[in-house]
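> Sharing a model that was predicted from the sequence below.
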Amino acid sequence: YRVQMLLDYHGAFDVSVYQEAWRLAIQTYPSLRLCFNWDEALIQIITKTGCLNFKTHDISERPDKDKAVLDIQQEDREIAFDLSKPTLLRLHVIKHTETHHTLLKTEHHSISDGWSGPILLGQVHGYYESIISGNLPEIIKDTAYIRAQAYTSTHQSDLTAYWEKQVASIHDRNDLNALLTHPTNLDEVKALESPQSKDITIQSGVYQDLLQSEGLTINTLVQFAWHKLIQVYTGDTQTIVGTVISGRTLPIQGIESSVGPYINTLPLIINWKDVSIREQLNYIQKQVSSLNEHGFASLADLQTNGQRIFHSLLVFENYPSVSKGEHASLYIKLRGSIEKTDYPIGLMAYEVDNKLHLKLSYDEAHLSSDKAGQLLLQLERIITQASKQIHSPTHHISLLSTSEYQTIVYDWNQTEKAYPQDKTIHQMFSE
């Protein structure tokens, strides 16, 4: 699918130099020169030169500049990519003023991923700074992507054995209708017709001591919370969540700084037993590690007749930051982005400035804003309780707030009623 990103550049900006920087980036990263052929089997083709699709727009005379940008964005979204031709990337530089330009970057997800984005922009900015400074940029071509493809093709037997065992262990898919406001046939949800999102922020002080004392990652804690939420709502003893992984744990030198579609989505299968929160957290961390080690499988190959194994996604973003280049003459600000979600419900998590941000994505046709907010608060309660009650059994975790507990357990059970003390029950019934 396609991903659009809008970046604002403020200050002096040389469009021709910026265009050349992108041309050099295409030569640096082979994934940006990818196209596909499916005459027989589907194969990737890495071309020698690629093709930079770079357009400029001047909206400096337009009074409604924001609308002008949206119009360009919408028009671009309606143009399909020809997967048989490189480069599966389009760039639009939109001039607001001499010191304000917007970049609209549209790419097909088959050539890049979220981790690659900051790396690619950092390289482009580095080339830009070199050219602006009068230096000839040094191009060091990325070889990690091709070596990673070779590695995955030669390790298929071990991978197949691992995933056959994992899929065989699945009891049944989780019915997430219990989480929704309006139940639906989850198998029929292929895209969100009315996408919405809601978020919550949790201070690191809530969970930091737990992570440090137990050697856990924040990703593990978030996985625990989301899986536990599903387990409580469904009553299932096994929870399955589509987990987005970076795909960069392969033993390939330079893979962390490579650009390409390494990202993958695979099922994280968690069994729930009557163990302590601590034991369950450590078990989940091991499962996540194992998933990463075997993360180059094809999800389509794991599914039977195209039937989904899971109906929710969890994405923990831990991307590298965008580099501005050595001279830092470019001042950049994210203007916005659009990325398609095609699962009924999804949770995105990331940590920044000592805060954990949780963002729930959903379709308002199936989940109301109030219920979405309730789910996020329940996730916060799970994280808080897990951090404070590490030795308690997992079933001690409650989704109820103090006031909700008071209402349900006590207020709704106040059935006491005064009755005459001088009469028997039989007499009162006869009356």
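Ah, there it is.

> CA only for contacts and neighbour counts going forward, please
Will do.

> So what touches the helix or strand where residue 16 lies?
Secondary-structure assignment from DSSP states H and E places residue 16 in helix 15-28. Outside helix 15-28, the residues within contact range by CA atoms under 8 Å, 6 or more residues apart in numbering are 32-33, 49-50, 52, 54, 93, 120, 123-125, 127-128, 131-132, 139-142.

> buried subset of these?
32-33, 50, 52, 93, 120, 123-125, 127-128, 131-132, 142 (16 or more other CA atoms under 10 Å).

> Give me the subset of those residues that lies in strands.
If you go by DSSP state E, the buried ones among the contacts of helix 15-28 have residue 93 in strands.

> re the thing from before, would you list the strands that the helix or strand following the helix holding residue 16 pairs with, along with their directions?
Using DSSP H and E, the helix or strand that follows helix 15-28 in sequence is strand 34-37. Its sheet considered, strand 34-37 pairs with strand 43-46 (antiparallel) by DSSP bridges.

> So which residues of the stretch 101-250 of the chain form strands?
Ranges of strands in the stretch 101-250 of the chain, per DSSP state E, counting those that start in this stretch, are 195-203, 238-245.

> same for the last one, what does it pack against?
Packing partners of strand 238-245 (3 or more CA pairs under 8 Å, 6 or more residues apart in numbering; DSSP states H and E): helix 218-234, strand 264-271, strand 312-317.

> and the angle for that strand with strand 264-271?
Angle of strand 238-245 versus strand 264-271, following axes from the mean of the first three to the mean of the last three CA atoms, to 10 degrees, is 150 degrees.

> mind listing what the residue nearest to the spatial centre of the chain touches?
With distances taken as CA atoms, centre = their mean, the chain has residue 315 as the residue nearest its mean C-alpha position (3.1 Å). Residue 315 makes contacts with 243-245, 346-349, as judged by CA under 8 Å, 6+ apart.

> Can I get those residues in a markdown table including pLDDT and distance to residue 101?
Listed next are the contacts of residue 315 as a markdown table, based on pLDDT from 0 to 100; distance: CA to CA, whole Å:
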| residue | pLDDT | distance to residue 101 |
| --- | --- | --- |
| 243 | 95 | 36 |
| 244 | 92 | 33 |
| 245 | 92 | 33 |
| 346 | 93 | 33 |
| 347 | 94 | 32 |
| 348 | 93 | 29 |
| 349 | 94 | 30 |
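
> which of those residues tops the neighbour count?
Most neighbours among the contacts of residue 315, by other CA atoms under 10 Å: residue 243, with 24 neighbours.

> picking that back up, gap between the helix holding residue 16 and the chain center?
Per CA atoms, centre = their mean, to the nearest Å, the displacement of helix 15-28 from the mean C-alpha position of its chain is 28 Å.

> any weak-confidence spans in the protein?
Along the chain, segments meeting pLDDT under 70 span 1, 319-329, 334, 336-341, 402-412, 414.

> which of the residues in stretch 160-172 are buried?
residue 163.

> all strands for the stretch 301-431 of the chain, in order.
312-317, 331-339, 345-352, 355-363.

> all helices of this protein, in order?
In the chain, the helices defined using DSSP state H lie at 15-28, 65-77, 116-132, 144-153, 156-168, 208-214, 218-234, 277-293, 299-302, 369-388, 402-405, 425-430.

> picking up where we left off before, CSV for the strands of the stretch 101-250 of the chain, including distance to residue 390?
As requested, the strands of the stretch 101-250 of the chain are exported to CSV (distance: least, CA to CA, whole Å):
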stretch, distance to residue 390
strand 195-203, 18
strand 238-245, 21
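
> Of those strands, which is nearest residue 400?
Closest approach to residue 400 among those (CA to CA): strand 195-203, 17.1 Å.

> Give me the buried stretch members for the closest one, please.
195-199, 201-202.

> Likewise for stretch 353-368?
Going by 16+ other CA under 10 Å, stretch 353-368 has these buried residues: 356-368.

> and those, which two are the farthest apart?
Most distant of these, by CA to CA, are 356 and 365, 27.6 Å apart.

> Please tabulate the helices of the chain in CSV and include distance to residue 2 as additional columns.
Output for these, formatted as CSV (distance: least, CA to CA, whole Å):
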stretch, distance to residue 2
helix 15-28, 18
helix 65-77, 8
helix 116-132, 14
helix 144-153, 21
helix 156-168, 28
helix 208-214, 36
helix 218-234, 26
helix 277-293, 25
helix 299-302, 19
helix 369-388, 26
helix 402-405, 43
helix 425-430, 72
